[in-house]
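**Student:** Here's my sequence, what's the structure:
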Amino acid sequence: MTVTGPLPVAQAGVVDAHNHAWIDPVPGGATDAPILNQAGIVEELVDYRKAGGGMLVDCQPAGCGRNGNRLRWLSETSGVKIVAVTGYHRRKYYPPDNWLFQADVESASQYFIGELNEGLLESQGQAVPPRAGLVKIACEATLEGSSQQLMKAAVTAAVKTGAALAVHTERGAQAEQIAHWLIDLGLPLERLVLFHMDKRPDLGLHCELAQQGILLEYDTFFREKYNPQVNAWPLLEGMVSQGWDTRVAIGTDLAEAQMWTRLGGGPGLTGLFKHIIPQMQVRRFEQETIRRLTGENIAARLAISPKTR
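**Tutor:** Numbers count the residues shown, from 1 in each chain. Presented below is the predicted three-dimensional model:
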């Protein structure tokens, strides 16, 4: 489900599995929260489409900068399919009085389900409001410090709608515990995506998580502070050599304007084609492996489970 309607999995093409196409300022939120609302975004989306990009997953939930109406306009204008998320981000990105973090499980789950089945909160009133295509939640550094009420609500929404559930991990912290906790709540692990896992480049752990059916998202290729040549790339090569190219999805997570080519001179949306895919070719990844990593895996995971239809 994209902001312009359903899309067959086979038509997704190259997909950026974790990105941000628009982030409005949030009064009362964190002062260092990213803002991405500049002119030039649509032109860079066109650049991405012309380079071969078919879709991207916008990972900003409501209340912390998401603008569903803008996402649909960007998609319609550029031709790039965009998947919006329901759910929630880290608490610091919201005003102190945000209702969601005081909500009970039932109220929160109904809210998430409504965004998946009926339309995004900020787009209500439109004849056909854009819908969310993924539940995204955020864990803090520990499970104990995370909102377990909202985690329960998110699992309920994912199970009832057949949507996938993605988890923002803090540099991969407690990924195995998060997975076990979600299993106990009833989430099938073939519906789970763990974000930012290359920030914890433990090949053995990643193979174990992949074997359980979890999709792992890597996105530090343009973030030098994580030393991708030493961490992300050897990790990815290890996963491919172990036969787990079906359990990894590649994103670029360009949440800051300076990372965009047209906004700040960074590698930008086309960096997937100019830098990441060429590096995969240098490492002699098979073409089928590249297709899986850069689109097929995440598109298949985003498909709504037929059990709910």
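
**Student:** Can you read off the backbone torsions of residue 39?
**Tutor:** The phi/psi pair for residue 39 (degrees, to the nearest 10) reads phi -60, psi 150.

**Student:** What's the separation between it and residue 175?
**Tutor:** For residue 39, the distance to residue 175 equals 38 Å [CB to CB, to the nearest Å]. Every C-beta, even on glycine, is put in place using the N, C-alpha and C of the backbone.

**Student:** Of these two, which one has the most company?
**Tutor:** Remark: of residue 39 and residue 175, residue 175 carries more neighbours, 25 against 8, as counted by other CB atoms under 10 Å.

**Student:** So which residues of this structure form strands?
**Tutor:** Residue ranges of the strands in the chain, as given by DSSP state E, are 14-19, 53-58, 81-87, 132-138, 165-168, 192-195, 215-218, 248-250.

**Student:** Residue 210 reaches residue 247, doesn't it?
**Tutor:** Yes. Counting by CB atoms under 8 Å, residue 210 touches residue 247, with 3.6 Å between them.

**Student:** any common contacting residues for the two?
**Tutor:** Shared contacts of residue 210 and residue 247 (CB atoms under 8 Å, 6 or more residues apart in numbering): 216, 239.

**Student:** what about the two, which has more around it?
**Tutor:** residue 247 (22 against 19).

**Student:** rewinding a little: can you redo the strands of the chain as a markdown table with mean pLDDT?
**Tutor:** Output for the strands of the chain, formatted as a markdown table (pLDDT from 0 to 100):
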| stretch | mean pLDDT |
| --- | --- |
| strand 14-19 | 98 |
| strand 53-58 | 98 |
| strand 81-87 | 98 |
| strand 132-138 | 98 |
| strand 165-168 | 98 |
| strand 192-195 | 98 |
| strand 215-218 | 98 |
| strand 248-250 | 98 |
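
**Student:** for the ones you listed, which one sits closest to residue 152?
**Tutor:** With CB to CB, the closest approach to residue 152 among the strands of the chain belongs to strand 132-138: 10.3 Å.

**Student:** what's the closest one packed up against?
**Tutor:** Secondary-structure packing of strand 132-138 (3 or more CB pairs under 8 Å, 6 or more residues apart in numbering; DSSP states H and E): strand 81-87, helix 105-117, helix 148-161, strand 165-168.

**Student:** and of these, who's closest to residue 278?
**Tutor:** Closest among the helices and strands packed on strand 132-138, using CB to CB: strand 81-87, at 23.8 Å.

**Student:** between the closest one and strand 53-58, how many degrees?
**Tutor:** 10 degrees (axes from the mean of the first three to the mean of the last three CA atoms, to 10 degrees).

**Student:** got the angle for strand 81-87 vs helix 148-161?
**Tutor:** Here strand 81-87 runs at an angle of 130 degrees relative to helix 148-161 (the same axes, to 10 degrees).

**Student:** Could you list the paired strands of strand 81-87 along with their orientation?
**Tutor:** Paired neighbours of strand 81-87 in the sheet (DSSP bridges): strand 53-58 (parallel), strand 132-138 (parallel).

**Student:** Between these, which one is closest to residue 252.
**Tutor:** Nearest to residue 252, of all the strands paired with strand 81-87, is strand 53-58, at 8.8 Å by CB to CB.

**Student:** Can you name the residues in contact with the closest one?
**Tutor:** For strand 53-58, using CB under 8 Å, 6+ apart, the contacting residues are 2, 7, 11-22, 48, 66, 71, 80-85, 134, 251, 269-270, 272-273, 295, 298-299, 302.

**Student:** okay, the angle between that strand and strand 14-19?
**Tutor:** Taking the same axes, to 10 degrees, one finds that strand 53-58 is oriented at 10 degrees with respect to strand 14-19.

**Student:** Neighbours of residue 224, how many?
**Tutor:** 9.

**Student:** end to end, how far does stretch 160-176 reach?
**Tutor:** Start to finish, the residues bounding stretch 160-176 are 24 Å apart (CA to CA, to the nearest Å).

**Student:** in the protein, which spans are helices?
**Tutor:** Using DSSP state H, the helices assigned to the chain run over residues 41-51, 68-78, 105-117, 148-161, 175-184, 203-211, 232-241, 261-264, 271, 277-282, 287-291, 297-302.

**Student:** Which among these is found nearest to residue 196?
**Tutor:** Closest to residue 196 of these, according to CB to CB: helix 175-184, at 9.5 Å.

**Student:** How about the closest one, which residues are buried there?
**Tutor:** 175, 178-179, 181-182 (16 or more other CB atoms under 10 Å).

**Student:** Closest one of those residues to residue 75?
**Tutor:** After measuring the buried residues of helix 175-184 against residue 75 - CB to CB - the closest member comes out as residue 182, at 29.8 Å.

**Student:** how much space between that closest one and residue 174?
**Tutor:** From residue 182 to residue 174 the distance is 12 Å (CB to CB).
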